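> I would like the atomic coordinates for the input below:
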Amino acid sequence: AELTARVAVVVVNYKLAERTADVVRRLLASGSAAELSVFVLDNGGGEIATESLRALALDPRVHVEATPTNIGYCAGVNRGIAWARARGAEFVLLLNNDVRVGAGFLDPLLQVLQNDPSVAAVSPTIVWPDGRVWCQGARMRFGPNINVLVGHGGPPAPRTLGELRRAAIHT
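This is a model prediction of the structure:
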């Protein structure tokens, strides 16, 4: 089935405007079938000082905002989520500016969200540049960190594992 989802992407920038601009450009070129809109918050830079962030706003899918002081990551994300809700986004993607998204990364995640009502949030396997896993899921707990990363430091699970797990849950 073709995706028709409206996805808002929230990226918070703090003193790394070139990196933020790069991840937004890669996102927009990733080839998703979804209707994307992007909220970039320049967190604490005052006036948007870099040409790279100003240039992003030339794309009608991108909205760039600046705060005069650093309001913190969570407050920046909350501002982006409010922006997304006001525009009728069906889904919100929180995207750090230190990731490099690959072609087609978003559509499989959206397919899970659209086709499995028992799922409220998804994440891809995130790998370091050397291919080792940073995170491929998490276990929730009560403790100093609310979650424990799954697979950290190991090899990525086969790409078909998510499909196998989903099939096992529904049989």
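> strands of this structure, start to end?
Across the chain, reading from the start of the chain, the strands by DSSP state E fall at 6-13, 35-43, 62-67, 91-94, 126-127, 133-135, 138-140, 147-149.
> sheet-wise, list the partners of the first one with their directions.
Read that as strand 6-13. Strand pairing for strand 6-13, determined by DSSP bridges: strand 35-43 (parallel), strand 91-94 (parallel).
> rounded mean pLDDT for stretch 69-85, please.
Here stretch 69-85 scores 94 as its mean pLDDT.
> buried residues in that stretch?
Along stretch 69-85, these residues count as buried under the neighbour rule (16 or more other Cβ atoms under 10 Å): 76-77, 79-81, 83-84. Every C-beta, even on glycine, is put in place using the N, C-alpha and C of the backbone.
> contacts made by it with the rest, please.
Under the contact criterion Cβ atoms under 8 Å, 6 or more residues apart in numbering, stretch 69-85 has outside partners 8, 10-12, 14, 37, 39, 41, 43-44, 63, 65, 67, 92, 94.
> which of these are buried?
The neighbour-count test (16+ other Cβ under 10 Å) marks 8, 10-12, 14, 37, 39, 41, 43-44, 63, 65, 67, 92 as buried among these.
> distance to G31 added to the residues you listed, as a markdown table?
Rendered in a markdown table, the data for those read as follows (distance: Cβ to Cβ, whole Å):
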| residue | distance to G31 |
| --- | --- |
| A8 | 18 |
| V10 | 20 |
| V11 | 18 |
| V12 | 24 |
| Y14 | 28 |
| S37 | 16 |
| F39 | 21 |
| L41 | 25 |
| N43 | 28 |
| G44 | 33 |
| H63 | 21 |
| E65 | 26 |
| T67 | 32 |
| V92 | 20 |
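> minimum pLDDT in these, which residue is that?
Ranked by pLDDT, the buried ones among the contacts of stretch 69-85 bottom out at G44, which has 79.
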